[in-house]
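Participant: Generate a structure from the sequence data that follows.
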Amino acid sequence: MCVCFLGMAITKSLGSAILFVAIIFFIAHHGIPSSALAEPMPPRPMWGSSGPHPGAQRGTAYTMSRQQAKDYQSRLAVQARQRAQEERRRREAEQRRRQEEQRRREAEQRRRQEEQRRREAEQRRRQEEQRRREAEQRRRQEEQRRREAEQRR
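Facilitator: Sure, this is the predicted structure:
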């Protein structure tokens, strides 16, 4: 009652006084919110020891926390498997890229070797042609000398 009069004196209306009293009772019953304090309040237990079956409440809470832990562990395991699969796919892609690069380099090397063989074959063909011309020229010179020798006789 005293609080209500104090609320009316502070707020100057009955509705505001009732709201003020409700806020005061809420704070008194629940404590000041931790955001309003410099140090937060310690957490309250999830279950109380009062009631008809306090052990059952703890057992249910324990079972729930075990299930939550299992769920968390299974999520962690799924995430770990996903990370491992992603890493494996990344390594496989990198290996495929390296193999493709290696095949490209080998193909380029084979192309260069084939080009070198073609140049060498062309050079051998020219040398053989040159030898034939030189042999033909020697044969003509020999023929010319033989004719000149016959004419001198």
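
Participant: Report the mean confidence score over stretch 117-124.
Facilitator: Mean pLDDT, stretch 117-124: 97.

Participant: roughly how far out does that stretch sit from the chain middle?
Facilitator: In terms of Cα atoms, centre = their mean, to the nearest Å, the centre of stretch 117-124 is found 51 Å from the chain centre.

Participant: lowest-confidence helix or strand of the protein?
Facilitator: Here the helix or strand of the chain ranked lowest by mean pLDDT, DSSP states H and E is helix 2-11, holding a mean of 57.

Participant: tell me which element residue 139 is part of?
Facilitator: helix 54-152 (DSSP states H and E).

Participant: picking that back up, how much distance is there from the helix or strand following the least confident helix or strand of the chain to the middle of the chain?
Facilitator: Counting by DSSP H and E, the element after helix 2-11 in chain order, helix or strand, is helix 14-30. Relative to its chain's centre, helix 14-30 lies at 54 Å (Cα atoms, centre = their mean).

Participant: How about stretch 78-89?
Facilitator: The answer for stretch 78-89 is 10 Å, by Cα atoms, centre = their mean.

Participant: Average pLDDT for it, rounded please.
Facilitator: 97.

Participant: mind saving the C-alpha coords of that stretch as CSV?
Facilitator: Written as CSV, here are the backbone C-alpha positions of stretch 78-89 (Å, rounded to 0.1, in the frame of the first residue of the first chain):
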residue,chain,number,x,y,z
VAL,A,78,28.8,-34.6,-39.5
GLN,A,79,30.7,-31.4,-39.8
ALA,A,80,34.0,-33.2,-39.5
ARG,A,81,33.0,-35.7,-42.2
GLN,A,82,31.9,-32.8,-44.4
ARG,A,83,35.2,-31.0,-43.9
ALA,A,84,37.1,-34.2,-44.6
GLN,A,85,35.0,-34.8,-47.8
GLU,A,86,35.6,-31.2,-48.9
GLU,A,87,39.3,-31.5,-48.2
ARG,A,88,39.4,-34.8,-50.1
ARG,A,89,37.5,-33.2,-53.1
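
Participant: so where is this structure shaky, pLDDT-wise?
Facilitator: 1-11, 31-59, 61 (pLDDT under 70).
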